[in-house]
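Student: sequence and predicted model, in that order:
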Amino acid sequence: MAGVALAAGPTGQSAAAHPAAPAATLSDCQHLLKQFDVAWPAHRESAHAASARHNRDLGASDCQNGRYTDAVHHLRRALHDIGVKPVKSAAPAAAH
């Protein structure tokens, strides 16, 4: 019984220590698409270019269809495939 109590204890504490990430948005999709599209020309010959392009296209489709969480997942994977660290979008800047 003590093993069960120990196994359950850290899980509950861990969940409280790590709040859920904010939901992905259209803005997140657009930001990651732009990041990929800007980086792509310099990385199109990378070892995982085909996978990256496939994930980018899946992400674009998911974004267009309102599946933002799936889109962000695919776009982040696409960026990783070409060796680019995904950068979280900043809050929208005020218009000039």
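Tutor: Nice, I can see it. Numbering: from 1, shown residues only.
Student: other residues contacting the strand or helix carrying Leu75?
Tutor: Using DSSP states H and E, Leu75 sits in helix 68-81. Helix 68-81 is contacted by residues 23-26, 28-29, 32-33, 35-36, 39, 46, 48-49, 51-56, 58-63, 85-86 when judged by CB atoms under 8 Å, 6 or more residues apart in numbering. In this view, the C-beta of every residue, glycine as well, is placed from N, C-alpha and C.
Student: how far does that helix sit from the chain's center?
Tutor: How far helix 68-81 lies from its chain's middle: 4 Å, per CA atoms, centre = their mean, to the nearest Å.
Student: buried ones in it?
Tutor: Tyr68, Asp70, Ala71, Val72, His73, His74, Leu75, Arg76, Arg77, Ala78, Leu79, Asp81 (16 or more other CB atoms under 10 Å).
Student: just the pLDDT for the fifth one.
Tutor: According to the prediction, His73 has pLDDT 96.
Student: one more: the first one?
Tutor: Looking at Tyr68, its pLDDT reads 96.
Student: so what's it closest to, chain neighbours aside?
Tutor: Closest residue to Tyr68 apart from its sequence neighbours, by CB to CB, 6 or more residues apart in numbering: Ala24 at 3.9 Å.
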